[in-house]
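Participant: this is a predicted model, with the sequence first.
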Amino acid sequence: MKVERKYMWTSLLQRRTAIYVTFYILILLFGIFFSNFLFNLSIKNLAFIPISLAALVFLSKDWERSIKLFFCYLSIEGLLKMVTNYHPVVHIGADILLLLICLNWFFSTVVIGFREAKFRKAPLTMPIIFFVLWILIEIVNPYAISLYASVASFKVHITMIPFYFFAYFFIDSKEQIIKYWNLFLGICFMVCTFAIVEYILGPKSLTWISSTYVQKTERFYGFLYRPFSTTTMAGGGSIFAHIAAPFAVSALFLKNSVFKRIFIFLLLFFATMTLFISQVRQIFLAFLIVLIMSFILMRSYLSKAVFNIIIISVIGLFAFQVTLDYAMKRTLIMERFATLLNVKTYKTARAGGMEKMLDVAFNYPLGAGMSRTGSAASKFKKDIEKDRTISPLFGMVDNYFAVMMIETGIPGTALITFIFLYFIIKGFQIQKSMKDKELKVIAITLFAFMGSLFFMSFGSQPITANPYQSLFWFLGGLLLKLPKIEKMNEQK
């Protein structure tokens, strides 16, 4: 018996070794090939990072480590894209990482079989499957620009969906959640700090790195300058300032050391400053929505909530005071934020999205082909201009639902809207039913964050790109898992 077990273990070990060593060598050779032959300039060798990380992710047997590594990569993904002038390999670096995490799961459970495969059903499984199938069907849309353009849209619509299932299946305790919260707090702190330092130093702190920065900063010169931080867009640091809100607010209600509490308040201070200097009004409002909704729903913890509200208000006022010297000299910044007090702003800003959505729904009920909006529209500009029948749909559309209607038609828009609303409605029900104080606070802030993303979707396309896209699916899965985590805690 012992001999048989020893033989089975040896055989299993050999299979594991053969699979992992083979793939590690292939990934390593792939990385060496691209770094040596495609990136001649030394600074562009930074593009080797996603490939190296991909190899480490594939080899890792720790799901949490792989996923945490992925989110760490996301925090610098924009910087790598800018440094390498949007090289294709770097452009899909996050997709490579996630693909290899999925392959690791597949080989470790299905091929090698040394882990127990968990083909359990999660909420929303069928709507998500139908949504993925519809995106696959859209490849052969008769209005499609090209097969390549349609396949490229996978990155926009479906590649981050596995994070929903990873969060739902593999997060089982409050301790795991707190570890993820600590990671997100650290990432947001780093990005916001970079944004502030860059703003103080000015555009010269970036333009020497890459010609891409030179081109992008031409639109935001002088008083209009917005720090890129580690992202690809001017004012992109505000995205991480917004993301910091749910993690920071909920963390204040968890058990913290004095040092960690000071760190959280410092993060909120830096996040508030980042929002002011980034001048992205919509994200500033989304940040406020998270804070206001969270504290309203936390009124049952009134004494602690009031204390935190006072502290955060003081931090906000102090951050505003610190940036006031810059703002008074840069009257355009003050005027920009002052428009938020005008009702007319909300009626006219980013207008036309819903009208375009209805127009497309009537003329192209099954969609007009993918890659026709957003950054993809710029990449395939020449191809779109050749198609005179659909060319009016070319360009930026500041409405997520209009974008989905253009690219996926009524079926795709209906499915993703259902998923979005399910997260919000179910999130509200979950936070109401939770009994565990800490898990309830987490549920409240996740519900508020989903609500802020939904609000943003009427004036931008938050969940078509990272980091919002991956967090939408990951935090959605976690939100729906919270009731089960509470039950497991009660049984311990």
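Facilitator: Now that the structure is in, tell me what you want to look at.
Participant: correct me, but Glu138 touches Tyr364?
Facilitator: No - the criterion here is Cβ atoms under 8 Å, and Glu138 misses it with Tyr364 at 11.4 Å. (Each C-beta comes from the backbone N, C-alpha and C, glycine too.)
Participant: in contact with the nearest residue to Pro467 once chain neighbours are set aside, which residues?
Facilitator: Of all residues not flanking Pro467 in the chain, Leu74 sits nearest, at 4.9 Å (Cβ to Cβ, 6 or more residues apart in numbering). Neighbour list for Leu74: Ala94, Ile187, Asn466, Pro467, Ser470 [criterion: Cβ atoms under 8 Å, 6 or more residues apart in numbering].
Participant: now Ala234: which helix or strand?
Facilitator: In this assignment (DSSP states H and E), Ala234 forms part of neither any helix nor any strand.
Participant: show me the domain layout of the protein.
Facilitator: Following automatic domain parsing, one gets these domains for the chain: 1-119, 120-234+339-492.
Participant: residues in contact with Ile128?
Facilitator: Ile161, Tyr164, Ile419.
Participant: quick check: phi and psi on the first one?
Facilitator: To tie it back to what came earlier, the one meant is Ile161. phi -60, psi -40 (degrees, to the nearest 10).
Participant: cool, the second one as well?
Facilitator: Backbone torsions of Tyr164, given as degrees, to the nearest 10, read phi -60, psi -50.
Participant: same deal with the last one?
Facilitator: Per-residue torsions, Ile419: phi -60, psi -50 (degrees, to the nearest 10).
Participant: would you mark the buried spots in the host helix or strand of Phe454?
Facilitator: Using DSSP H and E, Phe454 sits in helix 437-456. For helix 437-456, burial by neighbour count (16 or more other Cβ atoms under 10 Å) applies to 438-454, 456.
Participant: keeping just the C-alphas, turn it into CSV.
Facilitator: Extracted in CSV, the C-alpha atoms of helix 437-456 (Å, rounded to 0.1, in the frame of the first residue of the first chain):
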residue,chain,number,x,y,z
LYS,A,437,-20.5,44.7,11.8
GLU,A,438,-17.2,44.6,9.8
LEU,A,439,-18.7,42.6,6.9
LYS,A,440,-21.7,44.9,6.8
VAL,A,441,-19.4,47.9,6.5
ILE,A,442,-17.6,46.2,3.7
ALA,A,443,-20.9,45.4,1.9
ILE,A,444,-22.0,49.1,2.3
THR,A,445,-18.9,50.5,0.7
LEU,A,446,-18.9,48.0,-2.1
PHE,A,447,-22.5,48.8,-2.8
ALA,A,448,-21.7,52.5,-2.8
PHE,A,449,-18.7,52.0,-5.1
MET,A,450,-20.9,50.0,-7.6
GLY,A,451,-23.4,52.8,-7.4
SER,A,452,-20.8,55.4,-8.2
LEU,A,453,-19.6,53.4,-11.2
PHE,A,454,-23.2,53.2,-12.5
PHE,A,455,-23.4,57.0,-12.1
MET,A,456,-20.2,57.5,-14.0
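Participant: let's test this: mean pLDDT of the host helix or strand of the residue nearest to Pro467, rounded?
Facilitator: Assigned by DSSP H and E, Leu74 belongs to helix 63-83. Per-residue pLDDT values across helix 63-83 average out to 83.
Participant: beyond it, next helix or strand please.
Facilitator: Next along from helix 63-83, by DSSP H and E: helix 88-91.
Participant: can you give me the buried ones in that next one?
Facilitator: Across helix 88-91, burial judged by 16+ other Cβ under 10 Å covers Val89, Val90, His91.
Participant: let's have these in JSON lines, adding distance to Tyr199 and pLDDT.
Facilitator: Putting the buried residues of helix 88-91 into JSON lines (distance: Cβ to Cβ, whole Å; pLDDT from 0 to 100) gives the following:
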{"residue": "Val89", "distance to Tyr199": "30", "pLDDT": "72"}
{"residue": "Val90", "distance to Tyr199": "25", "pLDDT": "75"}
{"residue": "His91", "distance to Tyr199": "26", "pLDDT": "76"}
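Participant: export those residues to TSV and tack on distance to Phe423?
Facilitator: Shown next, in TSV, are the buried residues of helix 88-91 (distance: Cβ to Cβ, whole Å):
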residue	distance to Phe423
Val89	33
Val90	30
His91	28
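Participant: name the nearest of those relative to Ile262.
Facilitator: For these, the closest approach to Ile262 (Cβ to Cβ) belongs to Val90, at 36.4 Å.
Participant: tell me the spacing between that closest one and Trp63.
Facilitator: In this view, Val90 and Trp63 are 25 Å apart by Cβ to Cβ, to the nearest Å.
Participant: list the residues that contact the closest residue in space to Lys255 that isn't next to it in sequence.
Facilitator: Spatial nearest neighbour of Lys255, excluding adjacent residues (Cβ to Cβ, 6+ apart): Glu438 at 7.8 Å. Taking Cβ under 8 Å, 6+ apart, we find Glu438 in contact with Lys174, Phe253, Leu254, Lys255.
Participant: of these - the most surrounded one?
Facilitator: Neighbour counts for these peak at Phe253, which has 20 neighbours (criterion: other Cβ atoms under 10 Å).
Participant: hmm, Lys437 and that residue touching each other?
Facilitator: Yes - at 7.3 Å, Phe253 counts as touching Lys437 under the criterion of Cβ under 8 Å.
Participant: once you drop chain neighbours, what's closest to Met370?
Facilitator: Once chain neighbours are set aside, the closest to Met370 by Cβ to Cβ, 6+ apart is Ser153, at 3.6 Å.
Participant: just among the contacts of Ile128, which is most surrounded?
Facilitator: That'd be Tyr164 among these, by other Cβ under 10 Å, with 25 neighbours.
Participant: just to revisit the earlier point, okay, Glu138 and Tyr364: which has more neighbours?
Facilitator: Glu138 (23 against 19).
Participant: what about that one, distance to Lys356?
Facilitator: Distance from Glu138 to Lys356, by Cβ to Cβ: 18 Å.
Participant: output the contacting helices and strands for the helix or strand hosting Phe247.
Facilitator: Phe247 belongs to helix 237-252 when assigned by DSSP H and E. Helices and strands touching helix 237-252, by 3 or more Cβ pairs under 8 Å, 6 or more residues apart in numbering; DSSP states H and E, are helix 174-201, helix 258-278, helix 281-297, helix 437-456, helix 468-491.
Participant: including distance to Gln215 and mean pLDDT, could those helices go into a markdown table?
Facilitator: What follows is the helices and strands packed on helix 237-252, written out as a markdown table (distance: least, Cβ to Cβ, whole Å; pLDDT from 0 to 100):
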| stretch | distance to Gln215 | mean pLDDT |
| --- | --- | --- |
| helix 174-201 | 17 | 90 |
| helix 258-278 | 19 | 87 |
| helix 281-297 | 23 | 87 |
| helix 437-456 | 26 | 93 |
| helix 468-491 | 24 | 92 |
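Participant: number of nearby residues for Leu183?
Facilitator: 18.
Participant: ok, the one 10 residues further on next?
Facilitator: Neighbouring residues of Thr193 were enumerated by other Cβ under 10 Å; the total is 17.
Participant: show me where pLDDT drops low in this structure?
Facilitator: Regions of the chain meeting the criterion pLDDT under 70 cover residues 1-61, 107-120, 207-209, 218-224, 300-353, 371-396, 492.
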